[in-house]
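**Q** 3D, please:
(chains A and B)
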There are 2 protein chains.
Amino acid sequence: MSGWLRVVGLGPGPERWITPEVSEVLAAASDIVGYHVYVSRLVFAEDQRIHRSDNGDELSRAVHALELTANGGKVVVVSGGDPGVFAMAAAVFEAMEHGPLDWRALDVAVLPGVTAMLAAAARLGAPLGNDFCAINLSDNLKPWAVIARRLSLAAQGDFVMALYNPASSARPAQVHDAFAILQAELPETTIVVFARAIGRTDEAVHVTTLGKADPSLADMRTLILVGCQTTRLLERANAGPWIYSPRRLEVDP
Amino acid sequence: MSGWLRVVGLGPGPERWITPEVSEVLAAASDIVGYHVYVSRLVFAEDQRIHRSDNGDELSRAVHALELTANGGKVVVVSGGDPGVFAMAAAVFEAMEHGPLDWRALDVAVLPGVTAMLAAAARLGAPLGNDFCAINLSDNLKPWAVIARRLSLAAQGDFVMALYNPASSARPAQVHDAFAILQAELPETTIVVFARAIGRTDEAVHVTTLGKADPSLADMRTLILVGCQTTRLLERANAGPWIYSPRRLEVDP
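**A** Numbers count the residues shown, from 1 in each chain, chains lettered A, B, ... in the order given. Okay, the predicted model is just below:
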C-alpha cells in the first residue's frame, strides 16, 4: 500500500504565501480534495483527479480523502490558510478516529501554512506583538455560550483577539452579540480592525474603535482583530496607519 | 530615496517552510539584519551586507535596520517563525514610533511566515482545532502577574494554549510557576506536549499530561502546547499518537 495523505494550507490567497513543501506535494498528488473555492486557485496536471466539494461538508470530505489514501492514492486535502486553524486537519483526525482501525497506519502528515491572522497582522504592522487568542465565532459546532464566555475571558486578560468566521449569510446576528460582549468588558477606545480578503485583489482594511465599530461590516471573508489596551496606531502621511502592540507592558491590567 | 525594509519570518527551521515571497526579498536585499542564529541559516550573495547581532537586542537592531533603509538600503530583517509573533515586527514599529518622523514615510512591509505553534500543531495532528491562545512566558518585557493572570483566564476559558519562550538559562523557574497555575485550574489529565526544535534535525516531541509533566523539560527551543478538555490522543501502532482537538464541542465548560 503506497498511498499517502497530506493535509495542507494554501495560505490566505496569493501563491507567494504557499510554502515550497506544499507546492511539492500538490505537484506529486494523484488526488486533490477540497472546498471548490480553494481548489479553484490551483493549476493541475491532466492526470490529477480533482474532488471539489461544497463548504460545510468537512467530515465527509475527510472520509473520502482517507478512503482514497487507503486505496493507494497520493492524496492532498487543501484548506485556505493553515490546515490546523479552523480548517481541515481536525476533520481528518475525527474521520480517522471513527473510521476503520487500519486508517491509523496510513502515511498521513499535516503541512503548516500561513493562517489568516498572520497575514492580516503583517498587513497592518504588528498587532499580535503581545499575547493573543484566536476564536472561531461560528456556533455551527459549539454552543454560543462557550464562545461568549471565551470572548469575555479574553477581554479580561487583555489579549489581542483574532476573530475568525465572524459572520455569514446564515449567521448575520452573532457578530453583533460578540461586539456587545466586548463592549461590556473593554473601553470604547479599543482598536478594532476589519481585515477582509487579505492578500487578494479585493483586499480591504477598515480601522476603527470598539465604540464606533459597525459589526455588519463583517462577512465570511473578514477577519476581525481586536487590539489590547496598549495597541497603538502610528499615523502615516501616505497610507493607512501602522498598528502594533508593543512588546513591553508596564502596567498590570 | 529608493530604500525599502521588509520584516520577514524564516519559519521554524527548514527551507521548505520559507514562503516564496520571503525568498524573493532575501535574494533582492542589499542588507540583511538579524539574530545570528537565524542569519546563519541563510546563504548569501557576495555583495550582500550581513548584520548579525546577539539575542535580546531587538530594539537597537530595529533602529539599525531603519537607518540603513533611510540611507537607501534594501533591507531585510529576519526573524524565526512569523515576524509578528513574539519576534521583530513589533520592535521595528517601536523604533519607528520613537525615531525621526520621516521614517514613517519609508517603504516598509511585514511578510508573514509559519510561526512555531503552527509547525508544532501540524507535527502533532490538529491540537489547535478549537479556539486557542498564544502566550509568551518571558517576563523580560512584561510583569509576571500579567502572564499569571492570562494563564489562569485561558485555562478558565478552556482554550488550547501555545506557550512560547517557556524557559531560558536566565529564567529557569517561571515555567514551574506557570505549570502550578495551570494545575490549579485544570484537571491532571489535560494533555500537554513539549515540542522542541520542530522541523530541525534534532526535533523532539514529548507527550504527557498536566499531572505528570516535568516543566524542566522546557528550554529556549521548546514550545509547550496545553490541550483543551476535549483534546484527544489517537494511538498509532507505528509512531507516536496523533493529537487533535475536535471542532465539535457539545458541553458547556
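**Q** just the CA coordinates for stretch A:143-155, please, in CSV.
**A** Provided in CSV are the C-alpha atoms of stretch A:143-155 (Å, rounded to 0.1, in the frame of the first residue of the first chain):
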residue,chain,number,x,y,z
PRO,A,143,-22.6,26.3,21.8
TRP,A,144,-22.7,30.1,21.6
ALA,A,145,-22.4,30.2,25.4
VAL,A,146,-18.8,28.8,25.1
ILE,A,147,-17.9,31.5,22.5
ALA,A,148,-19.4,34.2,24.7
ARG,A,149,-17.5,33.1,27.7
ARG,A,150,-14.2,32.9,25.8
LEU,A,151,-14.7,36.4,24.4
SER,A,152,-15.3,37.7,27.9
LEU,A,153,-12.3,36.0,29.5
ALA,A,154,-10.0,37.0,26.6
ALA,A,155,-11.1,40.6,27.1
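**Q** list the buried residues in it.
**A** A:146-155 (16 or more other Cβ atoms under 10 Å in any protein chain shown). Yep, even glycine has a C-beta here, placed from its N, CA and C like the rest.
**Q** out of those residues, which is nearest to B:Phe44?
**A** Within these, the smallest distance to B:Phe44 is 41.9 Å, found for A:Ala154 (Cβ to Cβ).
**Q** still on that earlier bit, of the buried residues of stretch A:143-155, which belong to helices?
**A** A:146-155 (DSSP state H).
**Q** point me to the residue of the stretch 101-250 of chain A nearest chain B.
**A** The nearest approach of the stretch 101-250 of chain A to chain B comes at A:Gly129, 3.0 Å away (Cβ to the nearest Cβ).
**Q** ok, that residue touching A:Ser245?
**A** Yes - judged on Cβ atoms under 8 Å, A:Gly129 makes contact with A:Ser245 at a distance of 3.9 Å.
**Q** which among the ones in helices among the buried residues of stretch A:143-155 gets closest to A:Ala120?
**A** Nearest to A:Ala120, judged by Cβ to Cβ, of those is A:Ala154 at 17.1 Å.
**Q** next, the contact list for the closest one, please.
**A** For A:Ala154, the contact set (Cβ atoms under 8 Å, 6 or more residues apart in numbering or on different chains) comprises A:133, A:135, A:161, B:133, B:153, B:157.
**Q** looks to me like the fourth one is in a strand.
**A** Yes - when DSSP: H, G, I helix; E, B strand; the rest coil is applied, B:Cys133 is found to be in a strand.
**Q** returning to that earlier point: farthest-separated two in the buried residues of stretch A:143-155?
**A** A:Val146 and A:Ala155 (15.1 Å).
**Q** about what we covered before: distance check, the residue of the stretch 101-250 of chain A closest to chain B against B:Glu203.
**A** Applying Cβ to Cβ, to the nearest Å, the value for A:Gly129 to B:Glu203 is 27 Å.
**Q** who has more neighbours out of these two?
**A** Neighbours were counted for A:Gly129 and for B:Glu203 using other Cβ atoms under 10 Å in any protein chain shown; A:Gly129 has more, 31 against 16.
**Q** now that one. Nearest residue, chain neighbours left out?
**A** In this structure, A:Gly129 finds its nearest non-sequential neighbour in B:Ala90, 3.0 Å apart by Cβ to Cβ, 6 or more residues apart in numbering or on different chains.
**Q** am I right that that neighbour is in contact with A:Pro246?
**A** Yes - using Cβ under 8 Å, B:Ala90 is in contact with A:Pro246, at 6.3 Å.
**Q** ok so, going back, which residues are common contacts for A:Gly129 and A:Ser245?
**A** Counting by Cβ under 8 Å, 6+ apart, the contacts common to A:Gly129 and A:Ser245 are A:160, B:90.
**Q** ok, which stretches of the stretch 1-150 of chain A are strands?
**A** Secondary structure of the stretch 1-150 of chain A by DSSP state E, counting those that start in this stretch: the strands cover A:4-9, A:31-35, A:49-53, A:74-79, A:107-111, A:125-126, A:132-136.
**Q** pick the most buried one from these.
**A** For those, the largest average neighbour count (mean count of other Cβ atoms under 10 Å in any protein chain shown) is found in strand A:125-126, namely a mean of 28.
**Q** that one and chain B, are they touching?
**A** Yes - residues of strand A:125-126 are located near chain B by Cβ under 8 Å from any Cβ of the partner chain, namely A:125-126.
**Q** try stretch A:40-49
**A** No - Stretch A:40-49 stays clear of chain B (Cβ under 8 Å from any Cβ), getting no nearer than 14.7 Å.
**Q** other residues contacting that stretch?
**A** A:10, A:26-27, A:29-32, A:50, A:52, A:78.
**Q** so which bits of it are buried?
**A** A:42, A:48.
**Q** may I have it exported as CSV, CA atoms only?
**A** Provided in CSV are the C-alpha atoms of stretch A:40-49 (Å, rounded to 0.1, in the frame of the first residue of the first chain):
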residue,chain,number,x,y,z
SER,A,40,-10.1,26.7,-8.0
ARG,A,41,-7.0,28.6,-7.0
LEU,A,42,-4.8,25.8,-8.3
VAL,A,43,-3.5,24.7,-11.7
PHE,A,44,-3.4,21.0,-12.2
ALA,A,45,-1.8,18.4,-14.4
GLU,A,46,-4.0,16.5,-16.7
ASP,A,47,-3.7,13.2,-14.9
GLN,A,48,-4.6,14.6,-11.5
ARG,A,49,-8.1,13.8,-10.2
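**Q** tell me the average confidence for that stretch?
**A** Averaged across stretch A:40-49, pLDDT comes to 92.
**Q** now A:Gly13: how far from A:Arg200?
**A** Distance from A:Gly13 to A:Arg200, counting by Cβ to Cβ: 4 Å.
**Q** tell me the domain ranges of chain A?
**A** Following the assignment in automatic domain parsing, chain A carries domains at A:4-114, A:117-244.
**Q** which helices and strands does the helix or strand containing A:Ala178 pack with?
**A** Assigned by DSSP states H and E, A:Ala178 falls within helix A:174-185. For helix A:174-185, the elements it packs on are helix A:144-156, judged by 3 or more Cβ pairs under 8 Å, 6 or more residues apart in numbering or on different chains; DSSP states H and E.
**Q** how far off strand A:132-136 does the helix it packs on point, in degrees?
**A** Interaxial angle, helix A:144-156 versus strand A:132-136 (axes from the mean of the first three to the mean of the last three Cα atoms, to 10 degrees): 160 degrees.
**Q** tabulate the CA atom coordinates of the helix or strand that the helix holding A:Ala178 is followed by in PDB.
**A** Next in sequence after helix A:174-185, counting helices and strands by DSSP H and E, comes strand A:191-196. Output in PDB follows, covering the C-alpha atoms of strand A:191-196 (Å, rounded to 0.1, in the frame of the first residue of the first chain):
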ATOM      1  CA  ILE A 191      -8.700  49.400  18.400                       C
ATOM      2  CA  VAL A 192     -10.700  47.200  16.100                       C
ATOM      3  CA  VAL A 193      -9.800  46.200  12.500                       C
ATOM      4  CA  PHE A 194     -12.000  44.500   9.900                       C
ATOM      5  CA  ALA A 195      -9.500  42.800   7.600                       C
ATOM      6  CA  ARG A 196     -11.200  41.400   4.500                       C
END
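**Q** any idea how far strand A:191-196 is from the chain center?
**A** With Cα atoms, centre = their mean, to the nearest Å as the basis, strand A:191-196 stands 15 Å off its chain's centre.
**Q** between A:Gly13 and A:Arg200, which one's more packed in?
**A** Taking other Cβ under 10 Å, A:Gly13 and A:Arg200 do not tie; A:Gly13 has more neighbours (21 against 12).
**Q** so who does that one touch?
**A** With Cβ under 8 Å, 6+ apart, A:Gly13 has these contacts: A:80, A:119, A:197-200.
**Q** ok, so of the residues you listed, who is nearest A:Trp103?
**A** Distances from A:Trp103 to those, taken by Cβ to Cβ, are shortest for A:Gly80, at 25.0 Å.
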